[in-house]
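Asker: predicted structure and sequence below. I'll ask about it afterward.
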Amino acid sequence: MNSVLAEAPPRYNACMTLVEAALTPFRAPPIQPLKAFHAFRRLLADKEDTTQVFEIMRALSGGSIARGYQRMIGTVEGGRQAFLRSELATKLDDPAWLAQFGPGTVGAAYRAFREARGFTAEGLADEARKVAPDAVDLPHPVMWYSRRIRDVHDIWHILTGYETDALGEACVVAFSYAQTGNLGFAFIGWGAAREIQRENRSVPARRAVLQAYGLGRKAAWLPALDYEDLFAVPLDAARDRLRLTAPTIYQRVSPETRLGLRLRGG
């Protein structure tokens, strides 16, 4: 069969490739805990190595992404968003679009957040492509949902009130685990809390992470939101609407202490 295809015209080969793609089932990746563990050790060695976060997520996501997409299309607004299938990263990296949001809104808070840190949605996407170059931009609805969860990460920082220090990141991924069921978030959150507690026993990292998980369980389901509409809403009103309450345990840790955490494994 292969020799026949090798001699066939290019158009025939292309047609066969399309047929094979149409008949190939979309399967969730296997859970790979050992791969996640090694990636986490590399992340501890360099907290800025975002590629390792995506390695962990890919190793532990399993069927959570497909389940999340099914949940999304089971809601009215989520189904509409899935039908539109707009890429959030495009909007989030558009300065003209972000400039329209007035003071006090979710959009203004997000704009200030990214300007202060130099973050871009496309920069995060580039890190994901290093791990799965053939899958990240795949034109498939489940992969679109996966990109959406990646792109809302910094928005969830804004909505939840967690900063980008080591403890804040541990908390926001614990919140994300409650929202998505992705084991990669749980692994990073609990692992980071453990390392923070080892570094500074006075920091209630485990309790802060557990509270973040609880807040994620109590909140409205965020993946299905119309984020373009949400950006025009005052931040406090958005938090009330989405049942997002203050992360009190995290907030009791002083900014100086939080910024002093190095999250170095050993």
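Answerer: Thanks, I have the structure now.
Asker: make it CA atoms for all contacts and neighbour counts henceforth
Answerer: Will do.
Asker: surely Thr51 is in a strand?
Answerer: No: the assignment for Thr51, made by DSSP: H, G, I helix; E, B strand; the rest coil, is helix rather than a strand.
Asker: what number of residues are in the vicinity of it?
Answerer: By other C-alpha atoms under 10 Å, the residues close to Thr51 number 19.
Asker: wait, it sits on Val131?
Answerer: Yes: checked against C-alpha atoms under 8 Å, the pair Thr51 and Val131 is within contact range at 6.8 Å.
Asker: and stretch 30-48, which residues are buried?
Answerer: Within stretch 30-48, the residues that qualify as buried are 31, 36-37, 39-44, 47, counting by 16 or more other C-alpha atoms under 10 Å.
Asker: so which of those sits lowest on pLDDT?
Answerer: Among the buried residues of stretch 30-48, Lys47 carries the lowest pLDDT, at 81.
Asker: tell me the contacts of the nearest residue to that residue once chain neighbours are set aside?
Answerer: Of all residues not flanking Lys47 in the chain, Leu263 sits nearest, at 7.2 Å (C-alpha to C-alpha, 6 or more residues apart in numbering). Taking C-alpha atoms under 8 Å, 6 or more residues apart in numbering, we find Leu263 in contact with 44, 47, 166, 192, 195-196, 199.
Asker: in helices, which of those appear?
Answerer: In helices, judged by DSSP state H, the following of the contacts of Leu263 are found: 44, 166, 192, 195-196, 199.
Asker: element containing Ala232, please.
Answerer: Using DSSP states H and E, Ala232 maps to neither a helix nor a strand.
Asker: isn't it right next to Gly107, touching?
Answerer: Yes: if you go by C-alpha under 8 Å, Ala232 and Gly107 touch, sitting 6.1 Å apart.
Asker: which residues are in contact with both of those two?
Answerer: Contacts common to Ala232 and Gly107, judged by C-alpha under 8 Å, 6+ apart, are Phe101.
Asker: who has more neighbours out of those two?
Answerer: Counting neighbours by other C-alpha under 10 Å for Ala232 and for Gly107 shows that Gly107 has the greater number, 28 against 19.
Asker: contacts for the helix or strand harbouring that one?
Answerer: Element membership for Gly107 (DSSP H and E) is helix 106-117. With contact meaning C-alpha under 8 Å, 6+ apart, helix 106-117 is reached by 98-99, 101-103, 120, 154-155, 158-159, 230-235, 238.
Asker: center of this structure, which residue is that?
Answerer: Arg150 (3.4 Å; C-alpha atoms, centre = their mean).
Asker: which residues are in contact with that residue?
Answerer: By C-alpha under 8 Å, 6+ apart, Arg150 lies in contact with 124-125.
Asker: in what helix or strand does it lie?
Answerer: For Arg150, the enclosing helix or strand under DSSP H and E is helix 141-151.
Asker: beyond that helix, next helix or strand please.
Answerer: Using DSSP H and E, the next helix or strand after helix 141-151 towards the C-terminus is helix 153-160.
Asker: what's that next one packed up against?
Answerer: Under the contact definition 3 or more C-alpha pairs under 8 Å, 6 or more residues apart in numbering; DSSP states H and E, helix 153-160 sits against helix 106-117, helix 166-180, helix 235-241.
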